[in-house]
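1. here is a sequence together with a model predicted from it:
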Amino acid sequence: MNWLLEARHLSKSFAGVQVLSDVTFQLLPGEVHALMGENGAGKSTLAKILSGLHAADHGEVSVNGRKVDLVSPHAALKSGIGMVHQELLPFLNLSVAENVFMGHEPVSSFIGWVRKEQLHSQTARILARLGTAIPTRARMNQLSVGERQVVEIAKVLAHDSQVLIFDEPTSALTDHEANGLFRIISELKARGIGIVYISHKFDEVFKLADRITVLRDGHHITTCPAAGLSSSALIALMVGRDLGSVYPRVASTPGDPALEVCRLSKRGRFGDVSFQVRQGEVVGIAGLMGAGRTDVVNSIYGLSPADAGEIRIRGSLARIRSPCDALKAGIGLVTEDRKQFGFVPRFSIKENLTLANLRSYCRAGFIQRRRETQVAGDSTRSCGIKSISADQAVERLSGGNQQKVVIGRTLLTNPQILMLDEPTRGIDIAAKAEIHQMIRSLAQSGKAVVLVSSELPELLSLSHRILVMRTGAVVADLITQGTNAQEILRLAIPK
């Protein structure tokens, strides 16, 4: 078979966690090949390896039968592989043409000045190939999201890419813009360009794809023709396990309502979200990327306050406009991205643990170092943080121990309501089990817990109830013991 792109036996791990294991993937010229799987299945990691953003630990990649070394995005582009990312990052104050040819502008051979007319004429030709008449001199900040995405595609085509990787390309598009993208993909396909298409939207996949590859837990499960494959069969391939046997379910008896959210809304993010969490209860929030899960917990915590709706704490109306208000109300949050928002890397374990409640360890404006050391030591032991000492810098810990520090710091504020956003992302199995046990213990002690997770086994194991979010709305409130992964995934997928 004359493969346009062939990736053989790719493996990749981060901080000891295997995220891709011996995966082989092949793409034909003029083919749309969909890459499917749950969140965390390894799709984005594979795409980033193919586009030069990550280096594989093992395996090799060939384009048109020639082995290529994808050491950087630039090397991938030179090899004929381009990626259109979900998050577009244009130079907003520059023109369309300047964005398309950024870094490889046509220049005069004499003094190296940019040939402006050639720049715009070449951009116009590429845009014409895409069937659009976007002005090449327009600034990017004047374009719609859909038009910016077309420019992103043009940018990749300017490198004569033979392979295009699309990562959730319609997540921010209107239906009209999405249909325009589908037309462009059909035209690219007709020209022999191979398309790798990553999406959670089944209707798009079945509309566009010739073949589908399913990844699960970093492993290649199957590659098969899209024709004849049903949505239910695809979901079964993506989930593929008896989740009840993976983790034991949690059992406890919840008490009175601790947190009540009523018709909470934030423009462009989520709308009319209502639910309650009782004392001693774990309520999971499931949904695909961009469904609004993180936006809701950030809003409740005051990081990005809602435009409308009410939050009640133990029956009383709470006005939460900042994290300070949330902490005073007894709400704690472990954020989704621990490295960006969870800790100060160069601070010690002790300093990170006491940071959110530092005033409790101060007298007359001075930190009581002995008390701080004692509290940090107790927290280190109770959270199972493995380190040389509490004075060790957090950046030198493993991912699992870093996450325990973040959880420990939140618990030191003594929250009655604890919100955990992807608390076990990117950590090893042993640390994950410890954090699961910590969550069970917190619920059994009477804490109200909101758990956001992309791992359905985790939600089904730890939650009493599971809210399913889709495109900014809660579409189901399920009793955990009466549901399964297939039902949750079916509800989460946009219609």
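-> On my side now, so go ahead. Numbering: from 1, shown residues only.

2. okay, now the domains of this protein?
-> 5-240, 244-330+415-492, 346-412 (automatic domain parsing).

3. nearest to Glu336, out of these?
-> For Glu336, the closest of these is domain 244-330+415-492, at 4.1 Å, according to C-beta to C-beta. From N, CA and C alone the C-beta is placed, and that goes for glycine too.

4. centre of the chain versus that closest one, how much separation?
-> 17 Å (C-alpha atoms, centre = their mean, to the nearest Å).

5. before we move on, back to that, nearest approach to Arg338 belongs to which of the domains of the chain?
-> For these, the distance to Arg338 is smallest for domain 346-412, at 5.2 Å, taking C-beta to C-beta.

6. quick check: mean pLDDT across the closest one?
-> For domain 346-412, mean pLDDT is 82.

7. any idea what Gln276 is bridged to?
-> Glu260 (DSSP bridges).

8. that one contacts Val261, correct?
-> Yes - judged on C-beta atoms under 8 Å, Gln276 makes contact with Val261 at a distance of 7.1 Å.

9. neighbour count for those two, which is higher?
-> It is Val261, of Gln276 and Val261, that has more neighbours when counted by other C-beta atoms under 10 Å, with 20 against 17.

10. and the more buried one, how close does it get to His74?
-> 46 Å (C-beta to C-beta, to the nearest Å).

11. which of the helices or strands spans the closest residue to Ala55 other than its chain neighbours?
-> Take Ala55 and drop its neighbours on the chain: the residue closest to it by C-beta to C-beta, 6 or more residues apart in numbering is Val71, 6.6 Å away. If you go by DSSP states H and E, Val71 is not part of any helix or strand.

12. pretty sure Val71 sits against Ser51.
-> No - using C-beta under 8 Å, Val71 makes no contact with Ser51, being 11.6 Å away.

13. which one's more surrounded, these two?
-> Ser51 (24 against 10).

14. what does the more buried one show for phi and psi?
-> phi -100, psi 10 (degrees, to the nearest 10).

15. so who does it touch?
-> 70, 73, 76, 81-83, 165 (C-beta atoms under 8 Å, 6 or more residues apart in numbering).

16. and those, which of them are buried?
-> Among the contacts of Ser51, those classed as buried by neighbour count (16 or more other C-beta atoms under 10 Å) are 70, 76, 81-83, 165.

17. can you tell me the strand partners of the helix-or-strand element of the chain with minimal mean pLDDT and which way each runs?
-> Least confident helix or strand of the chain, by mean pLDDT, DSSP states H and E, is strand 362-363 with a mean of 80. Strand 362-363 has the following strand partners under DSSP bridges: strand 366-367 (antiparallel).

18. gap between the strand it pairs with and the chain center?
-> Its chain's C-alpha centre and that of strand 366-367 lie 39 Å apart, by C-alpha atoms, centre = their mean.

19. same thing with stretch 330-338?
-> On C-alpha atoms, centre = their mean, the centre of stretch 330-338 falls 16 Å from the chain's centre.

20. and that stretch, C-alpha only, in CSV?
-> What follows is stretch 330-338 as a C-alpha-only set of coordinates in CSV (Å, rounded to 0.1, in the frame of the first residue of the first chain):
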residue,chain,number,x,y,z
GLY,A,330,-16.1,27.7,52.6
ILE,A,331,-15.4,26.7,49.0
GLY,A,332,-12.1,25.3,47.8
LEU,A,333,-11.0,24.7,44.2
VAL,A,334,-8.2,22.5,42.8
THR,A,335,-7.7,23.9,39.3
GLU,A,336,-7.5,22.0,36.0
ASP,A,337,-3.9,23.0,35.2
ARG,A,338,-1.7,22.6,38.2
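
21. wouldn't Thr132 be in contact with Val151 here?
-> No - Thr132 is not in contact with Val151 according to C-beta under 8 Å; the separation is 9.1 Å.

22. and stretch 191-204, end to end?
-> 20 Å (C-alpha to C-alpha, to the nearest Å).

23. which stretches of the stretch 201-350 of the chain have low pLDDT?
-> For the stretch 201-350 of the chain, residues meeting the criterion pLDDT under 70 lie at 241-252.

24. all strands for it, in order.
-> 211-216, 219-225, 257-266, 270-278, 282-286, 308-313, 316-318, 331-334 (DSSP state E, counting those that start in this stretch).

25. can you add distance to Asp325 and give these back as JSON lines?
-> JSON lines is the format used below for the strands of the stretch 201-350 of the chain (distance: least, C-beta to C-beta, whole Å):
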{"stretch": "strand 211-216", "distance to Asp325": "41"}
{"stretch": "strand 219-225", "distance to Asp325": "45"}
{"stretch": "strand 257-266", "distance to Asp325": "14"}
{"stretch": "strand 270-278", "distance to Asp325": "18"}
{"stretch": "strand 282-286", "distance to Asp325": "21"}
{"stretch": "strand 308-313", "distance to Asp325": "10"}
{"stretch": "strand 316-318", "distance to Asp325": "8"}
{"stretch": "strand 331-334", "distance to Asp325": "9"}
